[in-house]
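Undergrad: fold the following, please.
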Amino acid sequence: MKRPMLFNFLSSLTLMLFALNTFGQSYAIVGTGQVNSYSNSVIIPMPTSGQSFYGQNSNYLGNAPSYTDNGNGTITDHVSGLMWEKTTDKNNDGIINYYDKKTYSDALAGASSCNTGGYTDWRLPSIKELFSLIMYYGAEPNPTATTQGTAAPYINTIYFTFGYGDLSASSHGATTDERLIDAQYATSSMYVSTTMNGQSTMFGVNFADGRIKGYPSANQKKYYVLYVRNNTAYGTNNYVNNGDGTITDTATGLMWMQNDNGAGILWEDALIYADSFSFAGFSDWRLPDVKELQSIIDYSRSPSTTNSAAIDPIFNCTQITNEAGVPDYPFYLSSTTFCSQTITNGLDACYVSFGRAMGYMSVFGGWVDVHGAGAQRSDPKTGDPANFPNGFGPQGDAIRIYNYVRLVRNKSGTTGYNEMNSKGNFNIYPNPILDNCSIILNRDYRQVKILISNTIGSVVKEFNYFDLKSVDINLIDLPQGLYIMNISLDGYLSTRKFIKL
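TA: Numbering: from 1, shown residues only. Prediction:
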């Protein structure tokens, strides 16, 4: 295939994938990539409705991540519509280390001179744009580790090159060596308040430890940088108050509860609460995954500057008293498990802070906002917060364990192409499909019939099975394009669209 033809095909495919995965949404949320299911501690078989731990991230996979390496140093994300640089190797020496990092001012200024792939409209991503790349099949290293071990990066390393912190940074111009987990990436999003007792702060994503935190913006600390282009509307919400206690974000296609649940609860109890919840005529409410939850953070607000939670005032947030004894707003639980040191460790759950992200630091006299309203961290799924009177970790992160809940559902009644509902639904994985895919059902079915049609309605494949819960099918001979999969599950019909690459 000649190069212009290849580019035309990829361009058409990009538009087709974007239309498929987003239904025209300007802020389509990329799934977290978390397919493992967890109890309060370990990996478990995927739960089904009525079982313990049902409703977690693995039951609702959302929009399947889908990338194309364009062969020119750029990566296209077909869900978000964003194009990224492939690597943080800024000096092109084939090694990612301290030499490639930039101060915050240089990170901002460098976008205007970036011409990766021949494009000149690169920008430093916002925190919502950068967080779209995070993948929760990662596991953070021990903060004192000097080798990766069983840890895994929180970014797709098939498409993006990744480097941990530089353990030899002092030999590359730094004042001290870095830790392995020092893989913080810069964004254009500044905290409207301050952290660390008055420090100017930008929000960054650490793809080594799987968190959003506030980082210094005014000193010589350096960060990895990936520039982005296209879809300048990404990260901009468009809320509609439905007048019935629900809020629809037409940009993401998600419908939210206007109120939270009003009390801190454990992660497993949050899953149970969501699965049994009915409101405004809907019974498919669920606990949001961490990327969905982060999508409703309003980074222009904070308790210290707007006397409110970091969320649009169209929502209602329960006010709490934080560890410092001042009025504040909660951490909200997600359905996403956070893994430490190995992906088999399921002890923690991801949360997003809609109030101050508190930490105990004796150098500042005790409890202060260490990471900013809008940070994303994790708490143990169970335990006694009284066991952490001075927090945990180098910044003394507040450990609350009992956190608040704001439920979500998909406005169209589905949650991306990999969702499994409790009533006769199925999961296509992966989507898009290369050669083979798995069809995973939510329970055993006696009779399963699969019909695959093209966009003009002609059936191109037919499969019949009996007494199964999952099956692998080979589609290697199917031409590339958009298809519709109709499945009859003991007579109940369900439909999904998919792309064949």
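
Undergrad: how about N316, what does it touch?
TA: By Cβ atoms under 8 Å, 6 or more residues apart in numbering, the residues touching N316 are Q258, N259, D260. Where you see a C-beta, it was placed from the backbone N, CA and C, and this is true even at glycine.

Undergrad: tell me which stretches of the stretch 151-300 of the chain form helices.
TA: 267-275, 290-294 (DSSP state H, counting those that start in this stretch).

Undergrad: ugh, typo on my part, it should be the stretch 351-500 of the chain
TA: Here the stretch 351-500 of the chain has no helices by DSSP H, counting those that start in this stretch.

Undergrad: just to revisit the earlier point, out of the contacts of N316, give me the one that has the most neighbours.
TA: Neighbour tally across the contacts of N316 (other Cβ atoms under 10 Å): the maximum, 21 neighbours, falls on D260.

Undergrad: poorly predicted segments of the protein, please.
TA: Residues of the chain meeting the criterion pLDDT under 70: 1-24, 413-425, 455-456, 491-492.

Undergrad: centre-most residue in it?
TA: Central residue of the chain (Cα atoms, centre = their mean): K291, 3.4 Å from the mean position.

Undergrad: how about the strands of the stretch 101-250 of the chain, start to end?
TA: In the stretch 101-250 of the chain, the segments counted as strands under DSSP state E, counting those that start in this stretch are 102-103, 184-185, 201-206, 211-216, 222-223, 228-229, 239-241, 246-249.

Undergrad: out of the ones you listed, nearest to P153?
TA: Checking the strands of the stretch 101-250 of the chain against P153 by Cβ to Cβ gives strand 201-206 as the closest, at 10.1 Å.

Undergrad: contacts made by the closest one with the rest, please.
TA: 104, 127, 130-131, 133-134, 154, 181, 183-191, 193-195, 211-217, 223, 299, 372, 374-375.

Undergrad: same thing with stretch 144-152?
TA: Outside stretch 144-152, the residues that touch it by Cβ under 8 Å, 6+ apart are 137-142, 164, 167, 179-181, 208, 341-343.

Undergrad: dump the residue contacts of the residue nearest to M196 when sequence neighbours are not counted.
TA: Leaving aside its chain neighbours, M196 sits nearest to V370 (6.2 Å; criterion: Cβ to Cβ, 6 or more residues apart in numbering). With contact taken as Cβ under 8 Å, 6+ apart, V370 is in contact with T195, M196, G214, A357, M358, G359, M361, Q395, G396, D397.

Undergrad: before we move on, what about C114?
TA: C114 neighbours (Cβ under 8 Å, 6+ apart): E85, T120, W122, Y227.

Undergrad: state the distance from the last one to A233.
TA: For Y227, the distance to A233 equals 18 Å [Cβ to Cβ, to the nearest Å].

Undergrad: those two: who's more crowded?
TA: Higher neighbour count among Y227 and A233: Y227, with 20 against 12, using other Cβ under 10 Å.

Undergrad: next, count neighbours for the closest residue to the more buried one other than its chain neighbours.
TA: Leaving out its chain neighbours, the residue that sits closest to Y227 by Cβ to Cβ, 6+ apart is W122, at 3.9 Å. For W122, the neighbour count with other Cβ under 10 Å is 22.

Undergrad: was I right about W122 contacting A109?
TA: No. Using Cβ atoms under 8 Å, W122 is not in contact with A109, being 11.9 Å away.

Undergrad: excluding chain neighbours, what is closest to Y137?
TA: If the residues on either side of it in the chain are set aside, Y137 comes closest to G33, at 4.9 Å by Cβ to Cβ, 6+ apart.

Undergrad: OK, contacts around the one you found?
TA: Shown in contact with G33 (Cβ under 8 Å, 6+ apart): P65, M135, Y136, Y137, N156.

Undergrad: once you drop chain neighbours, what's closest to G235?
TA: In space, and not counting its chain neighbours, G235 is closest to K128: 3.3 Å by Cβ to Cβ, 6+ apart.

Undergrad: now that neighbour: how far from G94?
TA: From K128 to G94 the distance is 31 Å (Cβ to Cβ).

Undergrad: so which of those two has more stuff around it?
TA: A count of neighbours by other Cβ under 10 Å puts K128 above the other of K128 and G94, at 24 against 8.

Undergrad: quick one: contacts for that one?
TA: Contact analysis of K128 by Cβ under 8 Å, 6+ apart lists Y27, S189, Y234, G235, Q294, S295, I297, Y299.

Undergrad: greatest separation within those: which pair is it?
TA: Among the contacts of K128, the pair separated by the greatest distance (Cβ to Cβ) is Y27 and S189, at 15.1 Å.

Undergrad: so the nearest residue to Y159 once chain neighbours are set aside bridges to which residues?
TA: Nearest residue to Y159, sequence neighbours excluded (Cβ to Cβ, 6+ apart): Y67, at 4.6 Å. The bridge-partner assignment for Y67, based on DSSP bridges, gives D77.
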